[in-house]
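J.: All I have is the shape, not the residue letters:
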């Protein structure tokens, strides 16, 4: 049992969620002949969580716990994003003009603009294309079949979590991008946010995102989707959207999702299968000409998983990413929903 967090913690992470989802230390977690050994992390002062087993300290940044076995790697992968929010969106846009197209600040702002508008374009001013709409609509329909616990791996700016929260008592969102999670936390709390929006090259305007609802049942964790700091087998709905082809080992992701999924629970996997050298390991690519069919075959056979799944939905969705004022990228994404037998 996790002890009640101190009062300062209530302003950073919902304490009821911390008790509902005992966050697992990724450093000392192990499996051996005696079974699975897990220790929880608990609040330790205003800026840290501490493992009750090994004593490893994990930082909180702007209310987001950083929970990775390779904490240094997570910090390096985020770089300047850890400081994002220290300046206004308009100042961030001005700083972009001082760099070049390949510097870290520019890359960070480009990602915030592209993914932020994809998730929240319908509540942006000026209004933008809501590229995530079809995913949001289908997740909202699943809310008609409520579950107790849901998790999304690769949650980004959190619009999928907003939909999942409509049909779950508790939801966890895991992503490696601290900058995205910072904004997701505030947007899910119903707080308006300013977002730098790319117009052309290194020139940015500022959009205002004004969410219409509050989601108080969502816990956000900065962590590796292939090593989430969560106990196994407690989620009746496990989701990953457009993540499978952006990580080195997509087959390992399926194994992680399977491990999190409760008996009789469902997996929702969606991907455009845009394999790219340097991102996805060559031997990890799923299928040849028809990755969607191959993925369904893996799920139905239970290959590399704890057992087989029954495919309950399989169809294509449209997804749009806005690069700048003159460039939208459109994808045909295959959505699969499978039930654990």
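T.: Structure's in. What do you need? Quantities reported herein were computed from a predicted structural model and do not represent experimental measurements. Numbering: from 1, shown residues only.
J.: what's the single longest helix in this structure?
T.: helix 104-120 (DSSP state H).
J.: Could you tell me how far it lies from the centre of the chain?
T.: With C-alpha atoms, centre = their mean, to the nearest Å as the basis, helix 104-120 stands 15 Å off its chain's centre.
J.: which strands and helices sit next to that helix?
T.: Using 3 or more C-beta pairs under 8 Å, 6 or more residues apart in numbering; DSSP states H and E, the elements in contact with helix 104-120 are helix 89-98, helix 159-164, helix 178-188, strand 193-200, strand 203-209, strand 309-324. Using the backbone N, CA and C atoms, a C-beta is placed for each residue, glycine as well.
J.: Please work out the average pLDDT along it.
T.: In this model, helix 104-120 has an average pLDDT of 91.
J.: Check stretch 176-188 too.
T.: Mean pLDDT, stretch 176-188: 93.
J.: who's in contact with it?
T.: With C-beta atoms under 8 Å, 6 or more residues apart in numbering as the test, stretch 176-188 has contacts from 61-64, 66, 74, 77-78, 81-82, 84-85, 108, 111-112, 115-116, 120, 155-158, 161-162, 165, 173, 175, 193, 195, 209, 211, 214-215, 218, 220, 222-225.
J.: cool, and stretch 111-128?
T.: Residues contacting stretch 111-128 (C-beta under 8 Å, 6+ apart): 84, 129-133, 156-160, 177, 179-180, 183, 187, 195-198, 204, 207-212, 319-324.
J.: can you pull out the helices in the protein?
T.: Under DSSP H, the chain gives helices at 15-20, 71-78, 89-98, 104-120, 133-142, 159-164, 178-188, 250-260, 291-301.
J.: and these as CSV, adding mean neighbour count and distance to residue 338?
T.: Shown next, in CSV, are those (neighbours: other C-beta atoms under 10 Å; distance: least, C-beta to C-beta, whole Å):
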stretch, mean neighbour count, distance to residue 338
helix 15-20, 17, 25
helix 71-78, 15, 30
helix 89-98, 16, 40
helix 104-120, 22, 24
helix 133-142, 18, 13
helix 159-164, 27, 17
helix 178-188, 25, 26
helix 250-260, 20, 10
helix 291-301, 17, 5
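J.: Pipe the ones you listed into a markdown table and attach distance to residue 43 per row.
T.: Below are the helices of the chain laid out as a markdown table (distance: least, C-beta to C-beta, whole Å):
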| stretch | distance to residue 43 |
| --- | --- |
| helix 15-20 | 8 |
| helix 71-78 | 17 |
| helix 89-98 | 31 |
| helix 104-120 | 29 |
| helix 133-142 | 31 |
| helix 159-164 | 22 |
| helix 178-188 | 17 |
| helix 250-260 | 24 |
| helix 291-301 | 38 |
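J.: Out of the ones you listed, which gets nearest to residue 276?
T.: Closest approach to residue 276 among the helices of the chain (C-beta to C-beta): helix 250-260, 11.9 Å.
J.: before we move on, back to that, which of the contacts of stretch 176-188 are buried?
T.: 61-62, 64, 66, 74, 78, 81-82, 84-85, 108, 111-112, 115-116, 120, 155-158, 161-162, 165, 173, 175, 193, 195, 209, 211, 215, 218, 220, 222-225 (16 or more other C-beta atoms under 10 Å).
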